[in-house]
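> Give me a 3D structure for the following:
(chains A and B)
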Amino acid sequence: MKVLYFAWLRERVGHGEENVSPPAEVRTLADLAGWLATLSPGHAHAFENPNVVRAALDHRHAKPDASISGVREVAFFPPMTGG
Amino acid sequence: MSAFSVRVQAEDFDIATEISALSGAGEVGAVVSFAGYCRADKSETGAAGPLTALVLEHYPGMAEAEMERLMDEARSRWPLLGARIVHRHGRIVPGEQIVLVVTASAHREAAFAAASFLMDWLKTNAPFWKKEERAGGGDWVAAKDSDTEAAQRWTSG
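The predicted structure is shown next:
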């Protein structure tokens, strides 16, 4: 599964993209964020406050309880500030 | 070319060109445009020194997809004859254009409402992030509660 990071999440993790193989018990977006946070101190810093992290599954906004089953691309990012 | 389009690009855009592309059809009675600019007096992160630029990061692929979904939603709500969204990414200095929304309809009410809706939803749903560049450093712009509230007023019953 491909995971992308944007804005300050990218800066904290240290890179914008990685391929990961989470264990079977990681089923939802919230599970995945929790598991990713264990990968490195940078990941832990990026996910330290889940309330300010948004996510998308295959280019669509998704909630923390959404299933990641069958998903090809997951992205994590802060609340959007475009426009 | 379709009367409805979204674009994400690094280059600047010409407002007159975008408007005239929508106003050509004979049924159009109203065209509304909104352009957003990089402001010189921005100090949202409280960092020292004047703003020298905004650097806009985006999520390629999803940005376009989300803008298309916003466009579809606007078309389902108002009788639009055409609409365009152009959003820039990369480094943008004060005074430069960042975003453009143009809507065309037979009458002004739909064009005004759809343009306002598209801008409100663009701010909270399109995957773009602004980082301020200042002489003394820079930081990411925080999302505003007022923007979230502006977007939510379109969903209240």
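> roughly how far apart are the residue located most distally from the centre of chain B and B:Gly36?
Largest separation from the mean C-alpha position in chain B: B:Gly136, at 28.5 Å (Cα atoms, centre = their mean). B:Gly136 sits 25 Å away from B:Gly36 when distances are taken as Cβ to Cβ, to the nearest Å. The way it works is simple: take the backbone N, C-alpha and C, and place the C-beta from them, glycine included.
> hmm, back to that, surely the residue farthest from the centre of chain B meets B:Pro50?
No: counting by Cβ atoms under 8 Å, B:Pro50 is not a contact partner of B:Gly136; they are 9.5 Å apart.
> residue ranges of the helices in the chain, please?
Using chain A here. For chain A, helices defined by DSSP state H occupy the ranges A:7-13, A:29-36, A:41-46.
> was after chain B, sorry
Using DSSP H, helices in chain B cover B:15-23, B:62-77, B:108-125, B:145-152.
> got a list of what the residue of chain A found nearest chain B touches?
Scanning chain A for the residue nearest chain B gives A:Gly82, at 2.6 Å (criterion: Cβ to the nearest Cβ). Counting by Cβ atoms under 8 Å, 6 or more residues apart in numbering or on different chains, A:Gly82 makes contact with B:Leu56, B:His58, B:His87, B:Val99, B:Leu122, B:Lys123, B:Ala126, B:Pro127, B:Phe128, B:Trp129, B:Lys130.
> Among those residues, which one lies nearest to chain A?
B:Phe128 (2.6 Å).
> hey, what's the one residue sitting closest to the centre of chain B bridged with?
Centroid check for chain B by Cα atoms, centre = their mean gives B:Val99 as the closest residue, at 4.2 Å. The partner list for B:Val99 in beta bridges (DSSP bridges) reads B:Gly36, B:His87.
> Any figure for the gap between it and B:Met119?
From B:Val99 to B:Met119 the distance is 8 Å (Cβ to Cβ).
> what touches both of those two?
Going by Cβ under 8 Å, 6+ apart, residues that sit against B:Val99 and also against B:Met119 are A:Gly83, B:Phe34, B:Gly36.
> how far away is the first one from B:Gly136?
Computed as Cβ to Cβ, the A:Gly83 to B:Gly136 distance reads 26 Å.
> what do you get for B:Ser146?
Using Cβ to Cβ, one obtains 27 Å as the distance from B:Ser146 to B:Gly136.
> At the contact with chain B, which residues of chain A appear?
With Cβ under 8 Å from any Cβ of the partner chain as the criterion, chain A meets chain B at residues A:4, A:6-8, A:10, A:56, A:59-61, A:75, A:77-83.
> Show me which of the residues you listed are buried.
A:4, A:6-8, A:10, A:56, A:59, A:61, A:75, A:77-83 (16 or more other Cβ atoms under 10 Å in any protein chain shown).
> got the contact list for residue 71?
This is for chain A. Here A:Val71 is in contact with A:Met1, A:Leu57, A:Asp58 (Cβ under 8 Å, 6+ apart).
> that's the other chain; I wanted chain B
If you count contacts by Cβ under 8 Å, 6+ apart, B:Met71 has them with B:Phe4, B:Val6, B:Ala83, B:Ile85, B:Leu118.
> Please tell me how far it sits from B:Arg108.
19 Å.
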